[in-house]
Structure formats: C-alpha cells, structure tokens
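> Give me coordinates for this.
(4 chains)
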There are 2 protein chains.
Amino acid sequence: MDVQRLELLRELAERHSITEVARATHRTPSAVSQQLKVLEREAGLPLTERSGRGLILTDAGRALARSATNVAVALARATAVWDEFRNDATGEVSLVTFPTAGEMLLPGALREVAAVPGLVVNCTDKDPELSDFPALTAEFDIVLAYSLRGQLPWGGRGLTVVPLMTEPLDVGLPADHRLATRTWLTPADVVGETWIGAPHGYPFERILHQIEQKAGSPVIVAQQFADLRVIEAFVVAGLGIALVPRYTWGGDQPGRLVLKPLRGVDAERQIVALMRPDRAERLAVRTVVDVLRTEAARVQATHAAIAPAP
Amino acid sequence: MDVQRLELLRELAERHSITEVARATHRTPSAVSQQLKVLEREAGLPLTERSGRGLILTDAGRALARSATNVAVALARATAVWDEFRNDATGEVSLVTFPTAGEMLLPGALREVAAVPGLVVNCTDKDPELSDFPALTAEFDIVLAYSLRGQLPWGGRGLTVVPLMTEPLDVGLPADHRLATRTWLTPADVVGETWIGAPHGYPFERILHQIEQKAGSPVIVAQQFADLRVIEAFVVAGLGIALVPRYTWGGDQPGRLVLKPLRGVDAERQIVALMRPDRAERLAVRTVVDVLRTEAARVQATHAAIAPAP
DNA sequence: ACATCCATGTAGCTAAGCTACACACTCCCT
DNA sequence: AGGGAGTGTGTAGCTTAGCTACATGGATGT
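You can find the predicted model right below:
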C-alpha cells in the first residue's frame, strides 16, 4: 500500500476536513479526494462517510489511520537513523509555548540550540485552554504544555509526551500581608482570602476547587486574568492573593511579592513537550527536546539552590 | 523518503546482488540501480560499494536497511489491520519444510487451511543444512526449521521465529535388540553400538557428540544418511541403531522398530516457523502459522496419549 | 585473451498524480 | 425562503517519476 495515501488518511483523522488536509500538504482538495478514493478502493470498504458538509472517518478508517501513524513513525525513525550517520540535526523545528514556559525555558534553550549549525527553531506563544494543547500538535512540531498531577488530557490520543519538569504552584502574597512571615500555608489559612484567579479552562482553577474541598468553604475569586504579570500587579497592589508558579514569577516586583508553598493540596503542574509521534522521531526535533530537558533541569536546580524547598 | 526505494535496499541486503533483487521484484536491473542511486543521493552518503563484480552494503546502508525492515513491518501490519476488518485472510502463502515436519504436520494443517476460502498455500520440501534455513526466508513466506535446545542459529538476524513444538529424539532399535526391553537408555548404554548417522550439518550429529562426551568414549558411525526412511530400514536390518524423532518415525516398520528415550543428554529438537518479520504480519501468513501451531499441539497430544513419556 | 557475469548509463514511453475548473450538496444568516 | 460561503467530488489536461530496451565498461575465471 502506498504510504503517501496512508499519510493523507492520517492527516484527515486529525484535521477532519479534506480542505484542511489539502492546505497542510500543499495540494488541491481535488487531489486529496482522488487519492483517498483510490485508497478506499484498494481497501475494499468505506473509510470515510459524509457528515453535514464535512466528512468523518469510519471505524475502519480510524483503525487504518492508527496504523498509518506507526508507519510514519517507522519512516521518521529511518530518516533519523541516517541523519545520525551524518551527524546532521539540520532543519526547521516549529515550537509553540505558553507564556510562562517561554519566558523560563526558551531563552536559555535557544542559546544552546544556536550552537548546532543548521538547526533553526521557530517559536510562537499561545495561551490556550488546557484541552486545546493536543490540537496544536497538528500545526507545530513541539508543543510545550502543562497539566496538573494525575490529569493527563493527552493520554490515549497517541501523542508522544516528554516530561520536562514539575513546577510547584505557590501562593503569592504582598510583602506586608499577615501571612507573609509564615514558611508554608494550608488550605484553611488561605480559603478566607480574596483571590485573583484564572479564566475557565486553566489549571489553577482546579487547585482552588481543591482548597475549597479541603477547607470546607468556598473561596472568593475577585478577578480572572490569563496573564501572570497582571495577576502579580494586582497582588502587589493588595487587591488579593493568587497562585503563582514558583520558577516563573517575575523578578520585576522584587521585595514586594513573596511566595509561600501550599501544603495539603497537589499544588504543582507538570510541564511537558507534546508531539505527534512521527515528528518526535526527527533528529532535529529530538535534539531540541533534549536541550529543553537539560535547560529545565538547570532552572529547577538553580531555584532549589537559592531557595531550598521547605 | 520513498518506501519503495527502502524496500529495494532491504532486498539488496538479503540478496547481495542487484540482478537478484531485480528478478525478485520483477524489474530490470537498470531500474533497481537507478532507484538505489536516487536513494543514495537523498541520503547524502554512499550506501553501497563495489566488491568484485557484485556490490555490498556500507555500514550506513546496513543500518538503513534495518530501519527499512521496521517500515515494512509497520506497513504489513497496516494491511493486516484492514484485512482483519474485512475478515479476509486471502492470498497465496509459500511454505518450505524439511521432510519429517512436512510428513507430520502438513497433511492435517492443509486440511484445516482448505476451510478458509481464498487462502492458498504452496508447499515445497527441502532438506537443507541447519545454517541454510535463514536464507530460505528470502524466497518463502514460512520456513519450517528445527534446532537443538539452546542453539538459535537464527537469532540476531532480525527474523521472526514462532515455536511450534519440541520433539524428543529417541534411540531406534531393531525389535530383537538386546536393549529393546529397557524403558530408557543412557549414553553409556548406547556408546558401544554401531550407529547410522546423518551427514554433516544435521543436528543429530551434535547429539552423538554429547553422547561421546558423557560416556567418555567415541561412537562408531557406520553410515550417514539424510533420509529417515533409509535410516529406519538399516536399523531394522540390524546394521546399527540411530536417533529417530519420536513423532515422525514411520509406521511402515510396525513391530520391527522400537524407540527408547535417551536420558542424560538434551535429546530433542525444536520445530519452529521462521519468517521475515514483514511477511509474518500478513493476515494470511498468520492464519497459516496459527493452524500449524494447533496442528503441532494436536500431534503432540496424540502421541502423549498413546505412549506417555517415561 | 576471450567469454561471462555484473552494475550502470541513455533514450523513450507509460501512467500515476497533480492543477484548474465546474458542479452538487449542506449549513447558516437575513 | 433564498442567496452565500462553506464543503467534497467529478473531468480534462499536463508534468514527471519510474519503467524497459539496449549499449557500455569493469571484474572474474577458464
């Protein structure tokens, strides 16, 4: 069976539209349609069926698309093998990050990457809801994503996930707050406070729910911001307290914002690299991921040194 | 990378000659040569080098050929997936067997296979030396082979090996032999006898060596035959004793030939199905192998019932 | 030294797969 | 209801990858 056609089917499984597949593969929709029709004839059973004006895969189609992924992985691994033979981690790698990880990891990582000649990394930042991370793998080689402990929204979807670090989420307080002298806090300590929260779909929301459950009373969320800088400004202004990622909080509020660890709830997030399995095999991609891993370890070690965990 | 070209490289790794690859893939040598040249240009480094009038693979070429096998496996698995969807174990499967296994397993197995419409099995028999079994996988989908315990001549070569049964090798005696009343024998019992052996490269030879080692004196091998029927005839004629596979000995010498188990040496052989990994994934091939496995179990159970092991 | 077997060039053809355009269908919005 | 914008799918025609047929040059062995 022709592997190109399988590839098209696999793209269709992700993009849910022939037009989109055509755009992604630099082809005409007609060409895609024709090739899928040939594939269907060879298979001898329907792989797609119309649903409204788009079309969706049948069970057989989905199963075949899954196999197609394995083929793509084997193929990518083959090209990686000979890239290794030439020691040639060359090419373009596209990466999308959420803001805080971009700030924390990318500058250091890209400095390392610059040492590899011919390796180009194109970065963008997006601030998606938690559930939207997997969809980005269709567009980008590497997706920096986060999740809370135990929660794996990208499990079972056949994506490759490489853990980079786990980052504690502390409680950010103004320096003159009544709790600012404590070494650590419990849900009961903070449940009565006014909170600066995050919009729906962001993980911090879940931790506030945990605090409510542990303390037995609801928290008061005054504002909801996606941008951490804004949140920090509000905290410093005394308008509330907030959950702040320990390694990521801004140095632009020195002395005016203090972080206190939270005990009794799983207050940490996992930062991972999320990839389509075939793309994860490319030597250039693997090189970038390796750099990210060491950079993450470096950041974590640095913070542990200057402020040892309680 | 084009998978067809990788396939050609893989064939070249096995057949060691462009002409042979061309013959096997129904192409002209020129076409094969051109495609390999394209592959080499894409790879950016030499994959083959001339050796005399033929050519051999470079290290890079071999590594790439190995990856090509994984691609072929993934691809074969994909076509198997949709064959399963259609419940369509159709096609031709070629099989080569050594004589005794062919006699023991194939009639029953092919009767089972006949129940699957559209599944055709083409069988041949060959009586190769032990070391020649792997080469046959280039030509046949399934190779029935045997090996002694602990010995795996086809390990590390990337072949798929499915165990079918382990068959004890007993000592065949004429019915009026002085040892014919014993229930089992030791190396010391039989080392002084005159033996009918097998030619070089056959596994029985190794067991005779083991007998010599255990008993401490050399055995006398009078004749060397490959065909078991001939051996049995010589034994019945009182010209010597011989190692005889327990499940395979002929019923054409009823009462005139008795088998006695041998203790103290590893007197058994493993009968396995040997396949190229990609071919092993074909649904039709897997179906035939499954039938062979159950048939082997049936034969083994039947013998255990009529003559329980000591 | 000649015959033989090999890989590999070159010219030319066939057919797979693309684009461009036209058409049919579903949805949504006024 | 009825366009308009979205979808997938046919048809005609072209481009080119990849094949065959034949010729060439190097290595082997008698």
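> residue boundaries of the helices in the stretch 201-310 of chain A?
A:204-215, A:228-236, A:277-280, A:283-306 (DSSP state H, counting those that start in this stretch).
> okay, the angle between the second one and helix A:204-215?
Which is helix A:228-236. 40 degrees (axes from the mean of the first three to the mean of the last three CA atoms, to 10 degrees).
> what's the answer for the last one, then?
Our comparison of helix A:283-306 with helix A:204-215, counting by the same axes, to 10 degrees, yields an angle of 40 degrees.
> Whether helix A:283-306 contacts chain B - can you check?
No: using CB under 8 Å from any CB of the partner chain, helix A:283-306 stays clear of chain B, with a minimum separation of 12.7 Å. (C-beta placed from N, C-alpha, C; glycine too.)
> Sort out which residues of that helix are buried, please.
For helix A:283-306, a neighbour-count test (16 or more other CB atoms under 10 Å in any protein chain shown) marks A:283-289, A:291-293, A:295-296, A:299-300, A:303 as buried.
> now swap in stretch A:16-30 and tell me
Of all the residues in stretch A:16-30, those buried under the rule 16+ other CB under 10 Å are A:17-18, A:20-22, A:25, A:27.
> between those, which is closest to A:M104?
A:E20 (32.8 Å; CB to CB).
> quick one on the thing from earlier: quick one: which of the buried residues of helix A:283-306 is nearest to B:D141?
Using CB to CB, those come closest to B:D141 at A:L283, 34.6 Å.
> Can you give me the neighbour number for the closest residue to that closest one other than its chain neighbours?
Nearest non-adjacent residue to A:L283, counting by CB to CB, 6 or more residues apart in numbering or on different chains: A:D83, 4.0 Å away. The tally of other residues near A:D83 (other CB atoms under 10 Å in any protein chain shown) stands at 20.
> My read is that A:D83 contacts A:A89, right?
Yes: the criterion here is CB atoms under 8 Å, and A:D83 meets it with A:A89 at 6.7 Å.
> Quick one: list the elements packing against the helix or strand in which A:V32 is found.
Assigned by DSSP states H and E, A:V32 falls within helix A:29-43. Where contact means 3 or more CB pairs under 8 Å, 6 or more residues apart in numbering or on different chains; DSSP states H and E, helix A:29-43 is packed against helix A:3-15, helix A:18-24.
> And the contacts of it?
For helix A:29-43, contacts defined as CB atoms under 8 Å, 6 or more residues apart in numbering or on different chains pick out A:1-2, A:4-6, A:8-9, A:12, A:18-19, A:21-22, A:25, A:46-48, A:60, A:64, B:82.
> Contacts only, for whichever residue of the stretch 101-250 of chain A sits closest to chain B.
Proximity of the stretch 101-250 of chain A to chain B (CB to the nearest CB) peaks at A:G118, 12.8 Å away. Contact analysis of A:G118 by CB under 8 Å, 6+ apart lists A:88-91.
> Of those, which count as buried by neighbour count?
A:88-89, A:91.
> from the buried residues of stretch A:16-30, which single one is nearest DNA strand C?
When those are ranked by distance to DNA strand C (CB to the nearest atom of the strand), A:R27 comes first, at 4.0 Å.
> Double-check that A:L95 belongs to a helix.
No: secondary structure of A:L95 (DSSP: H, G, I helix; E, B strand; the rest coil): strand, not part of a helix.
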